[in-house]
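**Q** Build the 3D model from these lines:
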Amino acid sequence: MNEKTIIIGNEYDEELMSLLLKILHDMNAVKIDENMALAGSQDLYFINFNINGCNLKVERETYIGISLTGSPELINNIQNKIDLLKQGYPT
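**A** Residues are numbered from 1 along each chain as shown. Okay, here's the model as predicted:
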(Lines give C-alpha, C1' and ligand atoms only; values in the text may rest on other atoms or scores of the structure.)
Protein backbone atom coordinates (compact mmCIF):
# COMPACT_ATOMS: atom_id res chain seq x y z
CA MET A 1 0.00 0.00 0.00
CA ASN A 2 1.26 3.45 -0.90
CA GLU A 3 1.54 5.62 2.23
CA LYS A 4 2.69 9.14 2.88
CA THR A 5 4.01 10.59 6.14
CA ILE A 6 4.19 14.29 6.93
CA ILE A 7 5.11 16.26 10.04
CA ILE A 8 2.55 18.98 10.65
CA GLY A 9 4.13 20.68 13.64
CA ASN A 10 5.71 20.62 17.07
CA GLU A 11 4.66 17.76 19.37
CA TYR A 12 3.71 20.25 22.11
CA ASP A 13 1.46 22.38 19.87
CA GLU A 14 -1.86 21.82 21.65
CA GLU A 15 -3.65 24.31 19.37
CA LEU A 16 -2.57 22.34 16.29
CA MET A 17 -3.58 19.04 17.90
CA SER A 18 -7.01 20.45 18.74
CA LEU A 19 -7.37 21.72 15.18
CA LEU A 20 -6.41 18.30 13.81
CA LEU A 21 -8.90 16.51 16.06
CA LYS A 22 -11.64 18.93 14.98
CA ILE A 23 -10.86 18.24 11.32
CA LEU A 24 -10.90 14.49 11.92
CA HIS A 25 -14.21 14.79 13.77
CA ASP A 26 -15.67 16.77 10.86
CA MET A 27 -14.43 14.02 8.49
CA ASN A 28 -16.27 11.39 10.62
CA ALA A 29 -13.02 9.69 11.63
CA VAL A 30 -13.45 6.69 13.90
CA LYS A 31 -10.75 6.12 16.53
CA ILE A 32 -9.49 2.53 16.26
CA ASP A 33 -6.95 2.57 19.08
CA GLU A 34 -4.70 4.81 21.13
CA ASN A 35 -1.38 4.07 22.85
CA MET A 36 1.22 5.90 24.87
CA ALA A 37 4.81 4.95 25.64
CA LEU A 38 7.91 6.35 27.26
CA ALA A 39 11.30 5.45 25.80
CA GLY A 40 14.15 7.16 27.60
CA SER A 41 13.60 10.89 27.18
CA GLN A 42 11.03 10.43 24.43
CA ASP A 43 7.28 10.47 24.92
CA LEU A 44 5.30 8.64 22.25
CA TYR A 45 1.58 8.92 21.63
CA PHE A 46 -0.19 7.08 18.81
CA ILE A 47 -3.78 7.25 17.63
CA ASN A 48 -5.12 5.17 14.73
CA PHE A 49 -8.23 6.31 12.91
CA ASN A 50 -10.39 4.97 10.10
CA ILE A 51 -11.85 7.53 7.72
CA ASN A 52 -14.19 6.11 5.08
CA GLY A 53 -12.21 2.87 4.91
CA CYS A 54 -8.79 4.56 4.93
CA ASN A 55 -6.38 4.22 7.84
CA LEU A 56 -4.72 7.25 9.39
CA LYS A 57 -1.98 7.10 12.02
CA VAL A 58 -1.36 10.20 14.15
CA GLU A 59 1.86 10.21 16.17
CA ARG A 60 3.22 12.69 18.70
CA GLU A 61 6.86 12.02 19.41
CA THR A 62 9.39 14.07 21.37
CA TYR A 63 11.98 15.69 19.07
CA ILE A 64 9.98 14.61 15.98
CA GLY A 65 6.64 16.41 16.22
CA ILE A 66 3.08 15.56 15.21
CA SER A 67 3.07 13.30 12.19
CA LEU A 68 0.34 11.86 9.99
CA THR A 69 0.66 8.64 8.00
CA GLY A 70 -1.91 7.39 5.51
CA SER A 71 -2.81 7.35 1.86
CA PRO A 72 -1.37 10.30 -0.08
CA GLU A 73 -4.89 11.50 -0.97
CA LEU A 74 -6.03 11.46 2.65
CA ILE A 75 -2.87 13.15 3.94
CA ASN A 76 -3.07 15.87 1.27
CA ASN A 77 -6.75 16.45 2.09
CA ILE A 78 -6.05 16.83 5.81
CA GLN A 79 -3.03 19.09 5.17
CA ASN A 80 -5.16 21.34 2.94
CA LYS A 81 -7.83 21.59 5.64
CA ILE A 82 -5.22 22.46 8.28
CA ASP A 83 -3.74 25.15 6.02
CA LEU A 84 -7.17 26.67 5.30
CA LEU A 85 -8.20 26.75 8.95
CA LYS A 86 -4.87 28.28 9.99
CA GLN A 87 -5.53 31.05 7.46
CA GLY A 88 -9.03 31.57 8.86
CA TYR A 89 -10.95 29.97 6.00
CA PRO A 90 -13.70 27.40 6.63
CA THR A 91 -13.20 23.90 5.31
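
**Q** Quick one: mean pLDDT for the lengthiest helix in the chain?
**A** Longest helix of the chain, by residue count under DSSP state H: helix 72-86. Helix 72-86 shows a mean pLDDT of 94.

**Q** Contacts for it, please.
**A** For helix 72-86, the external contacting residues (Cβ atoms under 8 Å, 6 or more residues apart in numbering) are 2-6, 8, 16, 19-20, 22-24, 27, 51, 54, 56, 68-69, 90-91. Where C-beta positions appear, they are placed from N, C-alpha and C, glycine not excepted.

**Q** Quick one: mark the members of the residues you listed that sit in strands.
**A** 4-6, 8, 51, 54, 56, 68-69 (DSSP state E).

**Q** pLDDT added to those residues, as JSON lines?
**A** Below are these laid out as JSON lines (pLDDT from 0 to 100):
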{"residue": "Lys4", "pLDDT": "97"}
{"residue": "Thr5", "pLDDT": "97"}
{"residue": "Ile6", "pLDDT": "97"}
{"residue": "Ile8", "pLDDT": "97"}
{"residue": "Ile51", "pLDDT": "97"}
{"residue": "Cys54", "pLDDT": "95"}
{"residue": "Leu56", "pLDDT": "98"}
{"residue": "Leu68", "pLDDT": "98"}
{"residue": "Thr69", "pLDDT": "98"}
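
**Q** Return a ChimeraX selection command for the buried portion of those.
**A** Here is the ChimeraX selection string for the buried members of the ones in strands among the contacts of helix 72-86, based on 16 or more other Cβ atoms under 10 Å:
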select :6,8,51,54,56,68,69
